[in-house]
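Chemist: just to be clear, the model below is a prediction. Sequence and coordinates:
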Amino acid sequence: MSLSKKEIDALLRLVNLTQDDEIDCEQCLSVVAEFAERELAGRSVPAGLEAVAQHLSICAECREEYEALQQALNDMKE
Amino acid sequence: MNRDNELWLAHLSSTGADQQAALSDLRVHLLRGLRVALAKRGNNNDAFLEDAVQESLLRILARLRQFEGRSQFLTWAMAIAIRVAMSEWRRQHWRNVSLDAVFADNDFIPESIADDVMGLDSQWEQQAVLDRMYRVIRTELTEKQRAALFAELKGMPMDEIARHLGSNRNAVYKLTHDARRRLKRGIEAAGYRAGDIHAAFAE
């Protein structure tokens, strides 16, 4: 078994985005609602929520859930 | 009935008619949201959604004290419901997919890039970076970290990786985070910058 070029690229992308301090999936869930509302309203993300954006860039599952949340919020807005 | 955050908390924390009415309203709201959120993901049949909403209501009630009022209550509740539903959807999707080989092959250390699509000029340096990376993987990552990291690269969801490792999603994230940090330090200790390397490989 070996890593494909695509998988190596994915690994290097993740390594590049890695920070010493990252929030985990539970911490992300606890504040993602606030993050989503701010994004939806086009408001700036305060420093305290920047860790959410970083986590979403790394964690495929949380990113997928965030996109689903955005869809639900957009539907509620309509 | 329109409720602000305080009223949602008050009603859901109460007993009797107020709580039942709030649960009923929340159930309708979550069901609608999940139907929209999961529509593009191919698993939005009524039975699945009903089960997900029921489980979500229990989780939300158990976490009421964790709600800090930093968003609308309904947004916070929807985020929890989506976590519940999508975790279950992934579990169902992956339950018959055997990736035991990923975990069984403890010597899974790739020595070269499978798809040789890079230009010859940069191939030597790219291989040197890969050699360094593989050395860190081989010598500085634990067996669990290697398994989790490779399974993640192969597309396995963290919930499923956690099931294989007898762990949970949060612990798997921490495991892979530590692995990524070690890889980054190992690459940078050899004089490379992770950003430059990623850019070079992505070209």
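Modeler: Yep, it's here. Residues are numbered from 1 along each chain as shown, chains lettered A, B, ... in the order given.
Chemist: can you pull out the low-pLDDT segments for chain B?
Modeler: Within chain B, the stretches with pLDDT under 70 are B:43, B:97-122, B:200-203.
Chemist: try it again at 80.
Modeler: For chain B, applying pLDDT under 80 flags the ranges B:1, B:40-44, B:95-129, B:193-203.
Chemist: what of chain A?
Modeler: Within chain A, the ranges that satisfy pLDDT under 80 run A:1-5, A:77-78.
Chemist: identify all contacting residues around stretch B:160-177.
Modeler: A:18, A:22, A:24-26, A:59, A:61, B:87, B:90-91, B:94, B:99-100, B:103, B:144-145, B:147-149, B:151-152, B:158-159 (Cβ atoms under 8 Å, 6 or more residues apart in numbering or on different chains). C-beta here means a position set from N, CA and C on the backbone, and glycine is covered the same way.
Chemist: what subset of these is buried?
Modeler: A:18, A:22, A:24-25, A:59, A:61, B:87, B:90, B:94, B:99, B:103, B:144-145, B:147-149, B:151-152, B:158-159 (16 or more other Cβ atoms under 10 Å in any protein chain shown).
Chemist: ok, which stretches of the chain are helices?
Modeler: Let's take chain A. Along chain A, the stretches classed as helices by DSSP state H are A:5-17, A:25-41, A:50-58, A:60-77.
Chemist: chain B was what I was after
Modeler: B:5-13, B:17-38, B:46-62, B:73-94, B:100-104, B:120-140, B:143-153, B:158-165, B:169-189, B:194-202.
Chemist: OK, contacts around the residue lying closest to residue A:70 once chain neighbours are set aside?
Modeler: Excluding the flanking residues, the one nearest residue A:70 by Cβ to Cβ, 6 or more residues apart in numbering or on different chains is residue A:36, at 6.1 Å. With contact set as Cβ under 8 Å, 6+ apart, residue A:36 has these partners: A:66, A:69-70, A:73, B:71, B:75, B:79.
Chemist: I am finished for the moment; much appreciated.
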